[in-house]
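[1] Predicted coordinates and the sequence they were generated for:
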Amino acid sequence: MWIRARILVACLFGTLMLPALAQACSVCFSGDDDAVTHAFNWSVGFLLAAPYAIAGTIAGCLVIAYRRAAAQQAVLAELAAQEAINPLIWTQEESAK
Amino acid sequence: MAPSSAARKLDDAAPVAPAPLREFTGGGGPPVRPNLPILNNARLGVIMLLGAELMFFAGLIGAFLVFRLSAQVWPPPFQPRLPIGVTGVNTVILLLSALTMHWAVGAARAGAAIVRHLAWTALLGALFLLIQGYEWLRMIHFGLTTSSSVYGGLFYVLIGAHGVHVIGGLIWLSIVCWQAQRGRFTKKDFVGVQTARMYWTFVVALWPVLYGLVYLY
């Protein structure tokens, strides 16, 4: 039992250390300085960064929109005060009185 | 009577229609503050669409990078060179269309007529497509096809995908233009123009990236 486990761990370790021999790496068919490896590295790096950049941009847009909406709501509240409809505006704090 | 400063500020703010104050009916709950949406649903939907579109083009650019960076000689031998000058002029035309689209949104915000600006945008977009189509015909005549080499395949897929998006943008613009002509948009509600602007800006902003990658790099 222990011997089998050791063999399994050794195989796993070998796979991790030598992906090219184990054919576990789809882009390990050439050397480190090869143009194809270089190209794949850049492409993978680009595709890795793209979702984060896009999600970050969308999140940024939403934050800006939220701040704009909050500012607009503040303007509405000011307008409501000027129109003397203050008694109609109910707040959480007032409810406790 | 001159409008108050708060009213003016509200007028300048984003054209999200404020929810009316719920009336206090005595027996019901307390009146609530107007709950404005953070972002119009249509605009949120377009943002999501553009995110997906960006990932689509990121995939295509990733494929292009693999072939471009691994190639020793680019363009490959015996393949026609791409028309950099004419496409550069075409790039300027497309960038101008983004400007007219921006003016259309400005005019809509001011309550002015927007049909003229939208028509100019569509016209410039159509001119861009026409010039692209003419150049494509010339390149096919010179022997650059999707099956001639990886170079040709990448070129037609990347630039063609953008062209299809320009066609989509033109259809969208035509619909918005037709709606504007029928008086669909007001000073307070012109979300249709804004969403069209978002999509068109994406199409225009993507082009210089593709031009730089495919034509110049």
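    Everything's here; your move.

[2] which regions of chain B sit below the pLDDT cut-off?
    In the predicted model of chain B, residues B:1-37 satisfy pLDDT under 70.

[3] for chain A, same thing?
    Looking at chain A by pLDDT under 70, you get A:19-32, A:83-97.

[4] burial of residue B:105, as a residue count?
    Using other CB atoms under 10 Å in any protein chain shown, residue B:105 has 19 neighbouring residues. Yep, even glycine has a C-beta here, placed from its N, CA and C like the rest.

[5] what about dumping the CA coordinates of stretch B:186-202 to PDB?
    Listed next in PDB are the C-alpha coordinates belonging to stretch B:186-202 (Å, rounded to 0.1, in the frame of the first residue of the first chain):
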ATOM      1  CA  THR B 186     -36.500  63.900 -25.500                       C
ATOM      2  CA  LYS B 187     -34.100  66.100 -23.600                       C
ATOM      3  CA  LYS B 188     -34.700  63.900 -20.500                       C
ATOM      4  CA  ASP B 189     -34.900  60.500 -22.200                       C
ATOM      5  CA  PHE B 190     -32.400  59.600 -24.900                       C
ATOM      6  CA  VAL B 191     -31.100  56.300 -23.700                       C
ATOM      7  CA  GLY B 192     -31.400  54.800 -27.200                       C
ATOM      8  CA  VAL B 193     -28.900  57.400 -28.500                       C
ATOM      9  CA  GLN B 194     -26.600  56.800 -25.500                       C
ATOM     10  CA  THR B 195     -26.500  53.100 -26.100                       C
ATOM     11  CA  ALA B 196     -25.800  53.500 -29.800                       C
ATOM     12  CA  ARG B 197     -23.000  55.900 -28.900                       C
ATOM     13  CA  MET B 198     -21.500  53.300 -26.500                       C
ATOM     14  CA  TYR B 199     -21.500  50.600 -29.200                       C
ATOM     15  CA  TRP B 200     -20.200  52.900 -31.900                       C
ATOM     16  CA  THR B 201     -17.400  54.100 -29.600                       C
ATOM     17  CA  PHE B 202     -16.400  50.500 -29.000                       C
END
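
[6] Touching it from outside, list them.
    B:15, B:17, B:40, B:42-43, B:46-47, B:49-50, B:53-54, B:97-98, B:101-102, B:104-105, B:108-111, B:114, B:118, B:121, B:125, B:168-169, B:172-173, B:176, B:179-180, B:184-185 (CB atoms under 8 Å, 6 or more residues apart in numbering or on different chains).

[7] and that stretch, how far out from the chain's middle?
    Distance of stretch B:186-202 from the chain centroid (CA atoms, centre = their mean, to the nearest Å) equals 10 Å.

[8] Compute the first-to-last residue distance for stretch B:137-151.
    16 Å (CA to CA, to the nearest Å).

[9] That one near chain A anywhere?
    No - residues of stretch B:137-151 contacting chain A under CB under 8 Å from any CB of the partner chain: none, with a closest distance of 12.3 Å.

[10] ditto for stretch B:154-164
    No - applying CB under 8 Å from any CB, one finds stretch B:154-164 separated from chain A by no less than 12.6 Å.
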